[in-house]
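Asker: Quick check, what structure comes out for this input:
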Amino acid sequence: MNRDLTLHDLVVAGIACAAGIAAALLLRVLLKWLGVRAGRTRWSGDDIMVDALRALVPWAAITGGAAVAASVLPLNATVGHNVSMTLTAVLIMAATLTATRIVAGLVQALAQSRSGVAGSATIFVNITRVVVLAMGFLVVLETLGVSIAPLLTALGVGGLAVALALQDTLANLFAGVHILASRTVQPGDYIRLSSGEEGYVVDINWRNTVVRQLSSNLVIIPNTKLSGTNMTNFHRPDQQMTLNVQVGVGYDSDLDHVEQVTTEIVESVMADITGALPDHEPAVRFHTFGDSRIGFTVILGVGEFSDQYRIKHEFIKRLHRRYRDEGISIPAPARAVTVQRGELPIPHQRSATEPVPTDTHWDTTA
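Answerer: A predicted model of the protein is given here:
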């Protein structure tokens, strides 16, 4: 110390620390009020930034008060330097955590806005967090006087060994990045794999893809399997789709009348049922002379994959009721079986007392 510690120094240092704590509490209340205001806006970015600043600003105020208190106290050069570096490291870590929350929140908001659903692609969020935290950690080490060049060299050599040990994990990681970068699958899409799994994509993380079936069960699919299999995406390029319903009427039906009645039912279903497309043009296409009926296909418009079951259910009910009122028959398959009666030869039945035939007799006469 350059001089002795006095009561005045302690009082001023205490006031500085108290002022820092009071400023932290006041700023936290202010940020809470700003958070309420930000929640009323349409943009989600202001919510993310205000929420992240709640962690940085109070710590910055406390660190500032501690720095003022340290400058007031009669500390020697070594202690003052150590205190200064420690406070700087604390401030950098708080800023790093804040930046991590802001950047990760913005990436998640961007992923949600692109997919249009409440799911998230956490693989990008996790990568962002790791990168920002790693950069902040290296800055802290450099601030504390630790050389990061040997550390980076060691990490490079050790990273090769880790990569060899985690081949499957890294393969799933890069497969997930490739899936999201190519935009073939996004959270919220309804997909069906060639192996039979199907459902809504809930999340794509660093290792697997989570798919929610219509029964609300979750199917976990490794990213490598998802990127290496044949897949149907019912939401790409457009989630609107057509639904084909097979119908058949009797040969004695007036096909023009059948087409008119069926078209009216399609129009009513498209206009009344949630998930249908009101602008869909009804289409009835006759195509088959069957064994007992004339088959045709009715094409319905569906807004989204899961809507097809409700629309098909209502269409069949209304069509059956209308056909019954109009007298249009839907015959069941029939088969005519003809049995011909005739005399069949009855093979000779040997009695129990009848001798068993002997082996063949060979004639040995000349």
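Asker: give me the low-pLDDT residue ranges for the stretch 51-200 of the chain?
Answerer: 52, 55, 72, 75-77, 80-81, 109-124, 146, 148, 151-152, 154-167 (pLDDT under 70).
Asker: Please repeat the previous calculation with a cut-off of 80.
Answerer: Within the stretch 51-200 of the chain, the stretches falling below the threshold (pLDDT under 80) are 51-130, 133, 135-170, 173, 177, 180-183.
Asker: domain parsing for this protein?
Answerer: 7-116, 172-233, 241-326 (automatic domain parsing).
Asker: Take these and lay them out in a markdown table including distance to Met135.
Answerer: Quick note: C-beta positions are derived from backbone N, CA and C, even for glycine. Shown next, in a markdown table, are the domains of the chain (distance: least, C-beta to C-beta, whole Å):
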| stretch | distance to Met135 |
| --- | --- |
| domain 7-116 | 7 |
| domain 172-233 | 19 |
| domain 241-326 | 42 |
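Asker: nearest to Leu138, of those?
Answerer: Closest to Leu138 of these is domain 7-116 (C-beta to C-beta; 10.0 Å).
Asker: how far is the closest one from where the chain is centred?
Answerer: 35 Å (C-alpha atoms, centre = their mean, to the nearest Å).
Asker: ok, now stretch 254-272?
Answerer: 38 Å.
Asker: what comes up buried for that stretch?
Answerer: Of all the residues in stretch 254-272, those buried under the rule 16 or more other C-beta atoms under 10 Å are Val258, Glu259, Val261, Thr262, Ile265, Val266, Ser268, Val269, Met270.
Asker: any residues touching that stretch, and which ones?
Answerer: Contact with stretch 254-272 is made by 247, 249, 276-278, 280, 282, 284, 286, 294, 296, 298, 300-301, 311, 314-315, 318-319, 322-323, 326, 328, as judged by C-beta atoms under 8 Å, 6 or more residues apart in numbering.
Asker: Now do it, average pLDDT.
Answerer: Across stretch 254-272, pLDDT averages out at 93.
Asker: what's the answer for stretch 304-324, then?
Answerer: Rounded mean pLDDT across stretch 304-324 is 92.
Asker: Please enumerate the helices of this structure.
Answerer: 7-38, 45-72, 77-115, 122-143, 149-165, 167-182, 223-227, 255-272, 307-326 (DSSP state H).
Asker: Which of those helices sits closest to Thr242?
Answerer: helix 307-326 (9.5 Å).
Asker: Alpha carbons of that closest one, as CSV, please.
Answerer: Only the C-alpha atoms of helix 307-326 are listed here, as CSV (Å, rounded to 0.1, in the frame of the first residue of the first chain):
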residue,chain,number,x,y,z
ASP,A,307,-57.5,-32.3,-42.7
GLN,A,308,-58.0,-35.1,-45.3
TYR,A,309,-59.6,-37.5,-42.7
ARG,A,310,-62.2,-35.0,-41.6
ILE,A,311,-63.0,-34.0,-45.2
LYS,A,312,-63.2,-37.5,-46.5
HIS,A,313,-65.4,-38.5,-43.6
GLU,A,314,-67.9,-35.8,-44.2
PHE,A,315,-67.9,-36.2,-48.0
ILE,A,316,-68.7,-39.9,-47.8
LYS,A,317,-71.6,-39.3,-45.4
ARG,A,318,-73.1,-36.6,-47.5
LEU,A,319,-72.6,-38.5,-50.7
HIS,A,320,-74.3,-41.6,-49.4
ARG,A,321,-77.3,-39.7,-48.1
ARG,A,322,-77.7,-37.8,-51.4
TYR,A,323,-77.4,-40.9,-53.5
ARG,A,324,-80.0,-42.6,-51.4
ASP,A,325,-82.4,-39.6,-51.9
GLU,A,326,-81.7,-39.5,-55.6
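Asker: Can you give the distance from it to the centre of its chain?
Answerer: 33 Å.
Asker: just stretch 279-286 next, same as before
Answerer: 33 Å.
Asker: Other residues contacting that stretch?
Answerer: Residues contacting stretch 279-286 (C-beta under 8 Å, 6+ apart): 255, 258-259, 262-263, 266-267, 270, 294-301.
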